[in-house]
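Student: Sharing a model that was predicted from the sequence below.
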Amino acid sequence: MKRSLRRFLASLIAFTLAITGLTVAAAQSASAADPSSAYLLVHFTGESSDGEQIYFSASTDGKYWNDLNNGRPTLLSTVGTRGVRDPSIVRSPDGTKFWIVATDLRIASGSGWGNAIDNGSRSIVVWESSDLVNWSAPWLLDVAGPIPDGRNAWAPEAIWNPQTNSYFLYWATNSTRNGVTTHRIWGASTTDFRSISTPQLYIDRGSQSIIDTQIVERDNSAGGFKYYRASGDGQITIEGANSILGSWTYVGDLRGQGLTGSDVEGPILFRYNGTTQTFGMFVDQYATGRGYLPLVTTDITSTANWKVRPRDTYSMGATTKRHGSVLQITAGELDRLKAKWPSAASRIQSYNFEDRFVRHANFQARIDQGVAPYVDSQWILRSGLAGGQAGTVSFESVNYPGYFLRHYGFEVRLEKNDGSSGFAADATFTRVAGLKDSSATSFQSYNFPDRYLRHSAFSLRIDPIGSDTDRQDATFRVS
């Protein structure tokens, strides 16, 4: 074989391998998409001067929530009434786009509820994003204008409908039908949230007003329905169906839990990560102004299975959270959100004891469940005190400003920063991929790099890591 031909074949083989490698890598990247491991709560806070805007809160477990952007709005409406309530967030089936839809309403402007009910905005407010952190300018989408005697458009929601290959967008409108004026749920299809099909009546309770409805999809291989919806219609009513536009069957309400429509509204439904059967529900305690109350079930097919979470097993964060929605997100998406809109305080959750969080107690560091006071488990993650090198952190107590976690004799405790280089080194850790789970986090000692922060008998210390148990004990989730 001539050398020129050999060189040509060698080049061809190399090129083919390169292309093959690129193809395989691309396929692996696409198929190895991060699983959902955290949650984003989109909400408003109330009728304060900036309460009727878009707020973000995040959680790694769906139970303990931290306010992003230090509890300030993340998105502001510059259209319509220049205020929004009842936001809902939806992800496209391929994961490349997100939309937020919200009520175009600002009670804080002084317009009053009577005007909002009978002569409110017929449009909803929409934002679009491809990454959850960079959002378009908001726009108005007229949804109630085509409805005869349509007087407003409240509490919009959206869900992908595979039967129509489009989103089903639905909302409440006050209008008169058959001599009865009340709120009913209307719906339309859309592919881009810029135009919709002709609105059709979706839920009519006769003379009973219905405003808040949210639908969640479920794996119904174990029985029950494929879709469940919760509505505020005098009660928090749960219904089930096997298609979004099909016939819905009454399942029950929350009176057995002592929750009626006089107490709560604005239900949120969401599925917990890593399970097909565990669901959460938040109901807005509007009557007392206390924001969301969480419930949980492992069997959504009966309302008797919903349980109110005990008060010491959750925290909704510092801000009052009103009618919104929950989106399951990946660890990477959570990191982007926290980088764009940092929270003043973080919590550090044990990987293998998910109900326990790093806290200080009598100035000792440990992991506990049901931390009280809650603020004992909140930390400000500062740049490492030992020079602030990239990737290093120091943990400052929220309720003891100037006090940091540091190791001493390899045990970890909370001490006041004395300004010394020794303290700075002891209080600095390098943040690395989780030793047990790369989607989580481990903390390597800055001045003893062969040791990592871990819990042992629930107390914190720094140790060398060898066994699988060690790796679990040294892995945490930061929220």
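Tutor: Yep, it's here.
Student: Could I get the pLDDT score of G21?
Tutor: Among the per-residue scores, G21 holds a pLDDT of 37.
Student: ugh, wrong one, I meant F404
Tutor: At F404, pLDDT is 97.
Student: Look at the closest residue to it other than its chain neighbours and say how many residues are nearby.
Tutor: Counting by C-beta to C-beta, 6 or more residues apart in numbering, A427 is the residue found nearest to F404 once chain neighbours are left out, at 4.3 Å. For glycine as for every other residue, the C-beta is placed from the backbone atoms N, C-alpha and C. By other C-beta atoms under 10 Å, 26 other residues sit near A427.
Student: these two touch, right, A427 and R406?
Tutor: Yes: using C-beta atoms under 8 Å, A427 is in contact with R406, at 3.9 Å.
Student: Poorly predicted segments of the stretch 1-150 of the chain, please.
Tutor: Applying pLDDT under 70 to the stretch 1-150 of the chain flags the ranges 1-33.
Student: what about the helices in it?
Tutor: Ranges of helices in the stretch 1-150 of the chain, per DSSP state H, counting those that start in this stretch, are 3-31, 113-118.
Student: same thing with the stretch 201-350 of the chain?
Tutor: In the stretch 201-350 of the chain, the helices defined using DSSP H, counting those that start in this stretch lie at 331-340.
Student: Same check on the stretch 351-479 of the chain?
Tutor: Under DSSP H, counting those that start in this stretch, the stretch 351-479 of the chain gives helices at 421-426, 468-473.
Student: For N174, find the nearest of those helices.
Tutor: Among the helices of the stretch 351-479 of the chain, the nearest to N174 by C-beta to C-beta is helix 468-473 (54.3 Å).
Student: which outside residues touch that closest one?
Tutor: 351-352, 435-436, 454-456, 463-465 (C-beta atoms under 8 Å, 6 or more residues apart in numbering).
Student: switch the cut-off to 6 Å
Tutor: Here helix 468-473 makes contact (C-beta atoms under 6 Å, 6 or more residues apart in numbering) with 351-352, 435-436, 454-455, 465.
Student: what's the answer for stretch 383-398, then?
Tutor: Under C-beta under 6 Å, 6+ apart, the answer for stretch 383-398 is 345, 375, 378-382, 403-405, 414, 424-425, 427-431, 446.
Student: Now that we're looking at the closest residue to D376 other than its chain neighbours, what pLDDT does it have?
Tutor: In this structure, D376 finds its nearest non-sequential neighbour in R359, 4.5 Å apart by C-beta to C-beta, 6+ apart. R359 carries a pLDDT value of 97.
Student: Please name the bridge partners of R359.
Tutor: R366 (DSSP bridges).
Student: picking that back up, let me have the helices of the stretch 351-479 of the chain in TSV, adding distance to H183 and mean neighbour count as columns.
Tutor: Supplementary listing: those in TSV, determined by distance: least, C-beta to C-beta, whole Å; neighbours: other C-beta atoms under 10 Å:
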stretch	distance to H183	mean neighbour count
helix 421-426	60	18
helix 468-473	51	18
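Student: If anything else comes up later, I'll come back, but that's it for now.
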